[in-house]
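[1] Starting from these lines, generate the structure:
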Amino acid sequence: VVDPEWFYSACVQDACSFGVARACSTFPAYEAKCREQGVFEIGSVLDVCGVCFGDGLSCREEYATAMVWGDPHYLTLDRLSFDFSGECDYLFAKDCVGGEFEVQVRNRNTTDQGVRTQAVAVRFAGVGVVEMYNDGTVLVDGVLRT
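    Residues are numbered from 1 along each chain as shown. The predicted structure follows:
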């Protein structure tokens, strides 16, 4: 059986001296020692992401969908919807953390239908740029693909 006294003392010392975040480093050591002794049925203060007193959501991958359609209507990654009929090229979505991707949208005024999305370009880091036009044309790094 593992005597928790040393771990408890170390935890209290760390918490009082350095704050609760530092104290959390003691818990994995205690839990590992318990597992070494064959005790697996102990509760943990670490969530599945390894966060002390966490809720298990910090490492969860989240997915979202953004859309552009019509004259242009938009649905953003945070689920806001709006209409924008400006004639321009603009940044629609971008990975602001790792720079892995970027999506640009080109809106142009058509004589009979008003402003429409004419093209969407997606840049993937280390891969290149894919341009998709509303007439079905697709360019990959500037080269026409069929």
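[2] any idea which helix or strand comes after the lowest-mean-pLDDT helix or strand in the chain?
    Least confident helix or strand of the chain, by mean pLDDT, DSSP states H and E, is helix 20-23 with a mean of 65. Downstream of helix 20-23, the next assigned helix or strand under DSSP states H and E is helix 26-36.
[3] Work out the gap between the helix or strand just after that following helix and the centre of the chain.
    Note on helix 26-36: by DSSP H and E, the next helix or strand toward the C-terminus is strand 67-69. Relative to its chain's centre, strand 67-69 lies at 21 Å (CA atoms, centre = their mean, to the nearest Å).
[4] And stretch 107-116, by the same measure?
    34 Å.
[5] So which bits of it are buried?
    For stretch 107-116, burial by neighbour count (16 or more other CB atoms under 10 Å) applies to 107, 115-116. Every residue, glycine included, has its C-beta placed from N, CA and C.
[6] Identify the bridge partners of the closest residue to Gly70 other than its chain neighbours.
    Closest residue to Gly70 apart from its sequence neighbours, by CB to CB, 6 or more residues apart in numbering: Arg116 at 7.7 Å. In this entry, Arg116 is beta-bridged to Arg108, by DSSP bridges.
[7] pretty sure Arg116 contacts Arg106?
    No - counting by CB atoms under 8 Å, Arg116 stays clear of Arg106, with 9.9 Å between them.
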